[in-house]
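Participant: Following is a predicted model, sequence given first.
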Amino acid sequence: MFKNRTKIALLCATLPLGFLLAGCSGASDMGIGNAGVHDVVAGNWTAAKEDFNEDYSSHPQHPIAVFNMGTAYHHDGNIDKADSMFGEAVERGRDTRPPITLEPQGAGLTVTEHACNRLHRDNKLDANCGDQIVAVMTPPPAPIAEPAPAPEAEATVVPAPKQDRH
């Protein structure tokens, strides 16, 4: 009977620890971007950029970290660098739905959809967004007609002035 109590005590001690570890295994992934988003809401872009940089340094392949770096570059006015990051997020974020977002389209969209919306607002197209650039075929220029020959100058006769008889 003592053996059963030991097993039960051991089970009761290790089971909560197992749940804790199981819950933490994916938690590092879920917190990406959250602190920075809260900083943006508070109006503290300096702190948000620091959080976004930290997330990107720790997880450079994570689509949320890449997207958030794009928003930081965009906020600073570096549109080309921002659009480059959004293009990268388009490729990586197909299956990632951020738990919170400040994007106008709201929650429920994937990182890819948010990044495509950002690129479109900057008038940029990306094939991974389903954008197709249509080559506009312009007709060849019409042959230039030779100008009509200029009429030859005709001699004009100036009549002699009339004399006044008075």
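Facilitator: Everything's here; your move. Numbering: from 1, shown residues only.
Participant: Every contact and neighbour count from this point should use C-alpha atoms.
Facilitator: OK.
Participant: I figured residue 51 hits residue 40, correct?
Facilitator: No. Residue 51 is beyond contact range of residue 40, at 10.4 Å (criterion: Cα atoms under 8 Å).
Participant: Show me the shaky parts of this structure.
Facilitator: Counting by pLDDT under 70, the ranges of the chain that qualify are 1-30, 132-140, 142, 148-159, 166.
Participant: please redo it, this time with the cut-off set to 50
Facilitator: Within the chain, the stretches with pLDDT under 50 are 1, 6-28.
Participant: Show me it divided up by domain.
Facilitator: Domain ranges of the chain: 1-28, 31-129, per automatic domain parsing.
Participant: that older thread, for residue 51 and residue 40, indicate the residue with more neighbours.
Facilitator: Using other Cα atoms under 10 Å, the more surrounded residue of residue 51 and residue 40 is residue 51, with 22 against 16.
Participant: Tell me which other helices or strands the helix or strand containing the more buried one touches.
Facilitator: Using DSSP states H and E, the element containing residue 51 is helix 45-58. For helix 45-58, the packing partners by 3 or more Cα pairs under 8 Å, 6 or more residues apart in numbering; DSSP states H and E come out as helix 34-41, helix 63-75.
Participant: Ranking the ones you listed by mean neighbour count, which comes first?
Facilitator: helix 63-75 (a mean of 25; mean count of other Cα atoms under 10 Å).
Participant: Which strands or helices does it pack on?
Facilitator: Judged by 3+ Cα pairs under 8 Å, 6+ apart, helix 63-75 is in contact with helix 45-58, helix 79-92, helix 111-121.
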